[in-house]
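> coordinates for the following, if possible.
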Amino acid sequence: MSVRVVAGKFGSRALKGPRGQAMRPTSDRLRETLFNILGAAVEGSVFVDAYAGTGAVGIEALSRGAKRAVLIEKHRAAVALIRKNLSMLGIEQDAEVLPTDVVKGLAWLANEGTQADFIFLDPPYGDMAEYGKVLEFLGESPLLARGGRVIVEHERRRKLEEKSGKLVRVRAIEQGDAVLSIYQWSDLA
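Residues are numbered from 1 along each chain as shown. Coordinates of the predicted model:
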């Protein structure tokens, strides 16, 4: 499957994609929709790409001006692919790759005092328990900067909670069989 950077400094550059069907990268079209919604807020941001796969979402954030991207991925083959893609573009210094379970990686970032402006989550579509686990963690974590957003990609037929801890869904964008659910922190939740 071919994967490319949609826009920004590295627009149209091809990335190394997965072989076979073990990984399901976020489509170019859905990434374009996501970054059109986030707009100029990405510039200068700290962007976390969890379940990073090829790294395409985090790389897209860097291409569009994010100052730092953290890519969390536990599968060794995918971690190697992410590192190749970062190296190919010469942006290893702007990205941090955490080769670990997503909740462990997010907890480590929170313990380090990271304030993420955006956290993109794309767990395996069939693993609803994983969605719940990571949203529950983020709903109680200091990791998300105030005013920041958590964006979750999921199947249209799978419904996510409206609230998880202090996170409240503020928007859902449907595109084909995929949905981007956008959450923000609310002290009223």
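> center of this structure - which residue?
Closest to where the C-alpha atoms of the chain average out (C-alpha atoms, centre = their mean) is Phe120, at 2.5 Å.
> quick one: secondary structure of it?
Secondary structure, DSSP: H, G, I helix; E, B strand; the rest coil: Phe120 is strand.
> which residues in the chain form strands?
With DSSP state E as the criterion, the chain has strands at 3-4, 14-15, 46-50, 68-72, 95-98, 116-121, 144-155, 163-164, 167-175, 178-185.
> so of these, which one's packed in deepest?
strand 46-50 (a mean of 27; mean count of other C-beta atoms under 10 Å). All C-beta atoms are positioned from the backbone trio N, CA, C, and that covers glycine.
> what lines up beside that one in the sheet?
strand 68-72 (parallel), strand 116-121 (parallel) (DSSP bridges).
> buried stuff in the lengthiest helix in the chain?
Looking across the chain with DSSP state H, the single longest helix is helix 76-89. For helix 76-89, burial by neighbour count (16 or more other C-beta atoms under 10 Å) applies to Ala78, Val79, Leu81, Ile82, Arg83, Asn85, Leu86, Leu89.
> same check on stretch 122-138?
Buried residues in stretch 122-138, counted by 16+ other C-beta under 10 Å: Asp122, Pro123, Tyr125, Glu130, Tyr131, Val134, Leu135, Phe137, Leu138.
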